[in-house]
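one predicted model, sequence on top.
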Amino acid sequence: MIKEAILHMPLSQYAYAINENELVIRIRTAKNDIDSVYLYFGDRVAYVEPIPVTVVKLERTAKDDLFDYYEAHINTEYTRVCYYFLLCAGNEKLYYYSRGFDKKMDAHRTEYFQFPFIRREEVIDEPEWVADAVMYHIFPDSFASGKRELINVKETRGLVENKLGGTLRGVIENLDHIKDLGCNLIYLNPIFKANSYHKYDTIDYFDIDPLFGTKDDFKELVEKIHANGMRIILDGVFNHSGPDFFAFKDVMENQEKSGYKDWFYDLHFPLEYKDPPNYECFAYVKEMPKLNTGNPEVRKYICDVGRYWIKEFDIDGWRLDVANEVDHDTWRAFRKAVKEEKKDAFLIAEIWEDADVWLKGDQFDSAMNYTFTYLCRDFFAKNIISASVFDDMIQKSFVRYPWPVSLSQMNFLDSHDVPRFLFYCNGDKRKLQLATFYLMMAPGIPSVFYGDEGLISGDTEPEYRAPMPWNDLDLDFSDKIRSWIKTRKDHPALRYGDYKCIKTDEEGLYIFSRECKDDKVTVIINNSAKDRVVTLTEQEGKEINVPCFGGLII
């Protein structure tokens with residue numbers, strides 16, 4: 001038994017509550033090293049000694065390149081739980097508890113692993129509607145100015161500018177296109193008054209950029225989105241402001257005498273607006289001075305913004321930019337403020353790495369799942385990893401978080417910040433389609449970036465933020481997206497179900513199942529340039545034809 005590989009962490013993704021009477025307990029072991037794992041649990045404040053324990057056998061629910069992961073769901077009347085494990089490998093049996101390993105269990109209950117109290121406030125509480133969400137991600141300047149059109153007019157008005165001419169009215173006029181695809185959650189990149197066309201250098205967090213429209217336009221947009229059974233989240237840029245944000249303008253004008261000098265992080269006087277700047281910014285961009293979110297005044301301002309757009313316009317949540325560079329207390333305060341206005345508001349963090357520390361239930365509901373993006377790129381587009389490696393890595397990503405959190409991750413193939421997936425496919429539409437099929441079948445919230453249905457490609461900013469090709473949409477691909485979204489909506493297993501690998505091979509065959517209560521689907525992916533015939537024992541030996549770069553469910 002490889003003891004060095006065995007891991008359990010109380011009060012983490014290895015031990016969490018999904019309601020007041022149900023705990024999920026996980027343990028990690030070396031891959032293919034353990035025959036069976038048992039969990040012993042009891043009431044940690046029981047009156048009798050030794051305490052009575054219940055024994056549950058754990059199921060291996062996931063694996064990766066190095067480890068197996070075992071899991072049990074405990075339904076218990078106890079509010080305080082203590083527990084330990086019995087691991088069996090051949091003739092070897094070891095008990096595993098807080099101190100480590102032993103061949104017999106003589107330790108007192110206080111030395112077991114502990115779940116001190118199943119507090120209802122700390123039960124994982126993802127918004128109920130999120131598991132049914134399919135996102136459509138819009139970069140406003142590049143999307144539309146009217147019905148199925150984008151009039152490419154670059155304009156500068158005062159301090160603000162656009163590039164391609166997209167507007168809120170354009171989004172309103174094309175809601176039917178988004179709804180027809182089957183998407184029911186719209187994510188807009190920043191729409192607040194800002195200097196640049198991308199709007200990540202905010203001037204006024206309480207106003208709509210005049211080149212996009214007005215507050216009345218935005219109110220109409222939200223109302224029509226809701227009338228169509230859809231939801232909307234906005235992009236909040238609170239790590240930094242723009243150069244014409246009132247507080248930064250005051251600091252530039254009054255230098256050390258400014259009453260707002262503590263609104264920004266690590267200023268050095270005299271402040272010099274140059275390249276590189278002598279003050280902290282987003283990256284080294286002088287136009288994006290970093291806000292000092294540790295300042296209570298700044299924190300309150302950010303929370304007020306979060307409340308305002310929910311209270312006044314009824315938005316459904318926020319995607320928060322550069323979330324990993326903002327202090328955690330600000331996000332805790334922001335979450336509290338936003339949830340007070342709308343309990344089921346949805347908060348997504350822009351975090352490119354493992355987001356575990358932000359997804360403990362006190363800050364964000366979800367994060368942008370870049371790991372998903374990279375793995376799909378390497379498997380489907382570049383074909384530089386095998387199906388077995390893809391499965392190992394994707395399952396590793398699922399067990400990073402409690403399962404309800406994994407089901408709420410924002411999955412995407414491309415976005416406003418990365419090359420288009422079709423670029424990585426070298427223009428091969430079949431590869432993009434197969435990756436999109438997987439996107440719709442996988443755990444998490446699938447996100448379609450505007451223009452994917454028009455086969456936008458490219459690896460530079462002007463290319464991957466290209467105008468929406470309204471006159472050149474790929475109708476075949478649009479039909480496929482629509483069909484796969486419908487399949488997802490028709491099968492609870494694809495929205496809530498578990499994920500188990502059935503088979504992989506070195507020629508790109510990948511078969512997995514998802515199951516939830518009375519619903520089960522088997523997903524077959526042929527990520528290769530030749531047709532395949534697959535025989536599944538579960539289907540009584542039935543032969544199934546899977547075309548090259550094809551996917552299907554049974």
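Sure thing, it's come through.

what residue ranges in the stretch 401-550 of the chain score low on pLDDT?
Applying pLDDT under 70 to the stretch 401-550 of the chain flags residues 538-541.

mind listing the strands for it?
Along the stretch 401-550 of the chain, the segments classed as strands by DSSP state E, counting those that start in this stretch run 410-412, 445-449, 500-504, 509-516, 519-526, 532-535, 543-546, 550-553.

show me the contact partners of the third one.
Meaning strand 500-504. Residues outside strand 500-504 that contact it (Cβ atoms under 8 Å, 6 or more residues apart in numbering): 61, 63, 386-388, 390-391, 395, 509-515, 522, 536. Heads up, the C-betas are built off the backbone N, CA and C, glycines and all.

gap between Gln114 and Arg120?
18 Å (Cβ to Cβ, to the nearest Å).

higher neighbour count, those two?
Remark: of Gln114 and Arg120, Gln114 carries more neighbours, 17 against 11, as counted by other Cβ atoms under 10 Å.

where does the more buried one land in three-state SS?
strand (DSSP: H, G, I helix; E, B strand; the rest coil).

so what's it up against?
Residues near Gln114 by Cβ under 8 Å, 6+ apart: Pro10, Arg44, Val81, Cys82, Ser98.

so how far is Thr54 from it?
Gln114 is 16 Å from Thr54, by Cβ to Cβ.

would you state the strands of the stretch 101-250 of the chain in chain order?
Counting by DSSP E, counting those that start in this stretch, the strands of the stretch 101-250 of the chain are 113-115, 135-138, 156-157, 160-161, 185-188, 192-194, 202-208, 231-236.

columns distance to Cys548 and mean pLDDT on top of the ones you listed, output as CSV?
Shown next, in CSV, are the strands of the stretch 101-250 of the chain (distance: least, Cβ to Cβ, whole Å; pLDDT from 0 to 100):
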stretch, distance to Cys548, mean pLDDT
strand 113-115, 49, 98
strand 135-138, 29, 98
strand 156-157, 49, 91
strand 160-161, 46, 95
strand 185-188, 32, 98
strand 192-194, 46, 98
strand 202-208, 47, 98
strand 231-236, 37, 98
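
turn those strands into a markdown table, including distance to Leu359.
Output for the strands of the stretch 101-250 of the chain, formatted as a markdown table (distance: least, Cβ to Cβ, whole Å):
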| stretch | distance to Leu359 |
| --- | --- |
| strand 113-115 | 19 |
| strand 135-138 | 18 |
| strand 156-157 | 40 |
| strand 160-161 | 35 |
| strand 185-188 | 18 |
| strand 192-194 | 26 |
| strand 202-208 | 25 |
| strand 231-236 | 17 |
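
for Tyr464, find the nearest of these.
The closest of the strands of the stretch 101-250 of the chain to Tyr464 is strand 135-138. By Cβ to Cβ, the value is 12.0 Å.

other SSEs contacting the closest one?
strand 185-188, strand 410-412, strand 445-449 (3 or more Cβ pairs under 8 Å, 6 or more residues apart in numbering; DSSP states H and E).

outside of it, which residues touch it?
Outside strand 135-138, the residues that touch it by Cβ under 8 Å, 6+ apart are 171, 178, 181, 183, 185-189, 410, 412, 415-416, 445-450.

re earlier: quick check on the contacts of strand 500-504: which are buried?
61, 63, 386-387, 390-391, 395, 509-515, 522, 536 (16 or more other Cβ atoms under 10 Å).

next up, the contacts around Arg109.
So Arg109 contacts Gly42, Arg44, Ala46, Pro50, Ile51, Cys82 (Cβ under 8 Å, 6+ apart).

helix or strand: which one has Lys396?
Taking DSSP states H and E as the definition, one finds Lys396 inside helix 387-398.

send me stretch 405-417 as PDB with only the CA atoms.
Only the C-alpha atoms of stretch 405-417 are listed here, as PDB (Å, rounded to 0.1, in the frame of the first residue of the first chain):
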ATOM      1  CA  VAL A 405     -19.300  23.500  -7.600                       C
ATOM      2  CA  SER A 406     -17.800  21.500 -10.600                       C
ATOM      3  CA  LEU A 407     -21.300  21.300 -12.100                       C
ATOM      4  CA  SER A 408     -21.400  25.200 -11.900                       C
ATOM      5  CA  GLN A 409     -18.000  25.900 -13.600                       C
ATOM      6  CA  MET A 410     -18.100  28.100 -16.700                       C
ATOM      7  CA  ASN A 411     -16.800  25.800 -19.500                       C
ATOM      8  CA  PHE A 412     -15.800  27.400 -22.800                       C
ATOM      9  CA  LEU A 413     -13.700  26.700 -25.900                       C
ATOM     10  CA  ASP A 414     -12.800  30.300 -26.500                       C
ATOM     11  CA  SER A 415     -13.400  33.800 -25.200                       C
ATOM     12  CA  HIS A 416     -12.500  37.500 -25.700                       C
ATOM     13  CA  ASP A 417      -9.100  36.800 -24.200                       C
END
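
and it, what's buried?
Residues Val405, Ser406, Leu407, Ser408, Gln409, Met410, Asn411, Phe412, Leu413, Asp414, Ser415, His416 are the ones in stretch 405-417 that count as buried (16+ other Cβ under 10 Å).

about what we covered before: out of the buried ones among the contacts of strand 500-504, which is nearest to Cys303?
Nearest to Cys303 among the buried ones among the contacts of strand 500-504, counting by Cβ to Cβ, is Gln395 at 37.4 Å.

apart from its neighbours in sequence, what residue is nearest that closest one?
Leaving aside its sequence neighbours, Gln395 sits nearest to Ala62 (Cβ to Cβ, 6 or more residues apart in numbering; 4.6 Å).

was I right about that neighbour contacting Thr29?
No: under the criterion of Cβ atoms under 8 Å, Ala62 is not in contact with Thr29, lying 11.4 Å apart.

who's more crowded, those two?
The residue with more neighbours, out of Ala62 and Thr29, is Thr29; 26 against 23, by other Cβ under 10 Å.

would Pro50 count as being in a helix?
No: if the criterion is three-state DSSP, then Pro50 is coil and not within a helix.

how close does it sit to Gly42?
Pro50 is 9 Å from Gly42, where distance means Cβ to Cβ.

could you check which of those two is surrounded by more residues?
The residue with more neighbours, out of Pro50 and Gly42, is Gly42; 21 against 11, by other Cβ under 10 Å.

now do the same contact list for the more buried one.
Applying Cβ under 8 Å, 6+ apart to Gly42 gives the contacts Ile51, Pro52, Val53, Thr54, Tyr78, Val81, Cys82, Tyr83, Arg109.

so who does the nearest residue to Phe143 once chain neighbours are set aside touch?
Closest residue to Phe143 apart from its sequence neighbours, by Cβ to Cβ, 6+ apart: Gly166 at 4.5 Å. Neighbouring residues of Gly166 by Cβ under 8 Å, 6+ apart: Phe139, Pro140, Asp141, Ser142, Phe143, Ala144, Ser145, Leu150, Phe212, Met468.

appreciated, that's everything.
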